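> A predicted structure for the sequence below; I have some questions about it.
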Amino acid sequence: MNAAVLSIGTELTRGELIDRNAAWISERLTGLGCVVVEHMTVPDDLERIAAALRDLSRRARFVVATGGLGPTSDDLTSEAAALASGKPLVRHEPSLEAIRERYAAAGRELTPSSMVQADLPQGADVLPNSAGTAPGFGVAVGESRCFFMPGVTLEMKRMFDDHVVRRIAPEVERTSQQVRLRTFGLPESRVGELLEGVEAAHPGVTLGYRASFPEIEVKVLAEGDDDSSASAKVAPAVEEVRRRLGDAVFGEGTTTYPAYVGRILRDRRLTVALAESCTGGLAGSLITDVPGSSDYMLLSAVTYSNAAKTAVLGVSDELLRAYGAVSLECAEAMAVGARRISGADISVSITGIAGPGGGSEDKPVGTVFLAVAGAEGPARGERFHLSGDRRRIRTRAAYLALRLVAQAALG
């Protein structure tokens with residue numbers, strides 16, 4: 001069943017804001033079994049929004065739109081939806097009451113412009129907004145069902161999951177199944193090489209790739225006559241992809257690498273400490289972005305200067321003079337120090353040259369040393385040469401540190 005996504009906002013057409021909502025919605029619609037046939041972006045213009053709705057409704061059974069539901073003069077989506085559907089705008093009193101209560105709870109005065117958010121096309125299917133003020137709604141335009149949600153990402157995602165999914169899902173006759181495999185550790189070109197021939201070996205299956213540095217997602221999509229035949233096709237293809245990529249595959253769906261590492265630590269009841277130099281706390285931030293990371297994260301020490309490495313981690317002046325801060329010896333001493341002061345089961349350190357300056361012939365920009373210390377044996381370090389700009393070097397180094405944590409936890 002065809003679907004389309006409409007993004008509304010002059011800030012989008014001018015390039016002042018990146019439209020991440022459309023990609024998220026498309027992914028969710030695909031997961032429901034829809035075929036997304038088009039993305040369209042229009043400015044805050046009444047006639048253009050209405051024309052876009054009429055146009056998309058001729059090609060898609062569902063149109064999902066975001067943006068333009070707020071209280072300002074350029075928020076024209078409700079009026080445009082009324083124009084396209086041939087319905088008058090009316091004030092929806094339950095929505096107005098919900099807006100009034102939210103304003104009162106925040107100690108804000110409800111102004112006439114704020115009340116306009118409750119003006120919806122007559123007979124609209126109202127979608128309550130549990131995360132904001134402006135309600136969403138659904139209306140019919142021609143043969144299409146159109147759903148309108150706020151452009152604020154948090155509000156949009158919650159409204160889609162709470163209300164739009166259960167309105168679309170029963171109407172979709174699934175003829176496809178998609179499994180999203182998450183990988184880390186292999187470049188996209190190598191992933192493609194390893195998966196050559198999978199599609200030929202599994203008729204009806206197509207592979208897609210999405211790089212979100214440094215993670216790569218492999219999408220395994222199977223088409224069939226119905227849901228069960230698609231499922232029967234996708235399962236062996238997924239198994240083959242996993243076999244070919246090996247331990248580069250760490251999860252499915254929306255699982256992130258930091259969440260995967262955190263799950264390993266929690267399952268084994270292990271704790272971790274980090275000592276970072278060139279990454280400036282990035283690895284620690286990745287770990288603590290995961291809810292519940294306090295179960296296993298004890299310490300993240302950003303020891304950027306030599307003095308900090310000595311004062312906080314106990315790296316000796318003699319070692320720093322002999323080998324330098326960017327060295328295997330320093331990385332190992334940092335890991336030992338982090339474990340000693342934190343009492344963690346596992347500690348990992350990072351030191352390197354992220355650039356753009358500071359490199360030398362022996363240690364060019366991109367030289368990074370990582371080390372891990374655990375309960376058994378001495379600290380173990382490794383040298384890497386990472387390519388790219390400063391951001392990519394630091395990001396890659398932080399992910400490699402997380403991989404060290406996972407490897408140490410898994411034994």
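On my side now, so go ahead. Residues are numbered from 1 along each chain as shown.
> what's in contact with stretch 332-341?
For stretch 332-341, the surrounding residues in contact (CB atoms under 8 Å, 6 or more residues apart in numbering) are 273-275, 277, 299, 301, 303, 309, 312-316, 319, 344, 346-349, 351, 371-374, 378-381. The way it works is simple: take the backbone N, C-alpha and C, and place the C-beta from them, glycine included.
> Filter these down to the buried ones and hand me the PyMOL line.
The PyMOL command for the buried members of the contacts of stretch 332-341 (criterion: 16 or more other CB atoms under 10 Å) is given here:
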select buried, resi 273+274+275+277+299+301+303+309+312+313+315+319+344+346+347+348+349+351+371+372+373+374+379+380+381
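> In strands only, show me the contacts of stretch 332-341.
If you go by DSSP state E, these have 273-275, 299, 301, 346-349, 351, 371-373, 380-381 in strands.
> Which SSE is immediately downstream of the helix or strand hosting E47?
According to DSSP states H and E, E47 maps onto helix 46-57. Using DSSP H and E, the helix or strand that follows helix 46-57 in sequence is strand 62-66.
> For the following helix or strand past that next one, what is the distance to the chain centroid?
With elements assigned by DSSP H and E, the helix or strand that comes after strand 62-66 is helix 77-85. The chain centre lies 32 Å from the centre of helix 77-85; the measure is CA atoms, centre = their mean, to the nearest Å.
> likewise stretch 27-46?
The gap between where stretch 27-46 is centred and where its chain is centred comes out at 18 Å by CA atoms, centre = their mean.
> Stretch 8-17 now?
The chain centroid and the centroid of stretch 8-17 are separated by 21 Å under CA atoms, centre = their mean.
> any idea of the mean pLDDT in that stretch?
Averaged over stretch 8-17, pLDDT sits at 96.
> which outside residues touch that stretch?
19, 41-45, 49, 65-68, 74, 77, 151.
> The residue nearest the centre of the chain and L402: what is the separation?
Note on the chain: the residue nearest the mean C-alpha position is T254, at 7.3 Å, using CA atoms, centre = their mean. Applying CB to CB, to the nearest Å, the value for T254 to L402 is 17 Å.
> which element is the residue nearest to the centre of the chain on?
Using DSSP H and E, no helix or strand contains T254.
> From V164, how far out is it?
From T254 to V164 the distance is 18 Å (CB to CB).
> repeat for G107
Using CB to CB, we find G107 at a distance of 31 Å from V164.
> So these two - more neighbours on which side?
When neighbours are counted by other CB atoms under 10 Å, G107 and V164 differ, and V164 comes out ahead with 24 against 6.
> Would you agree the more buried one is in contact with P128?
No. Counting by CB atoms under 8 Å, V164 sits too far from P128 to count as a contact (12.0 Å).
> Give the residues shared as contacts by those two.
With CB under 8 Å, 6+ apart, V164 and P128 have common neighbours G136.
> Of the ones in strands among the contacts of stretch 332-341, just say which sits nearest to M159.
Nearest to M159 out of the ones in strands among the contacts of stretch 332-341 is L274 (CB to CB; 37.3 Å).
> Could you find the closest non-adjacent residue to the closest one?
Excluding its sequence neighbours, the residue lying closest to L274 (CB to CB, 6 or more residues apart in numbering) is S300, at 4.6 Å.
> Can you tell me the number of residues neighbouring that neighbour?
Using other CB under 10 Å, the number of residues around S300 comes to 19.
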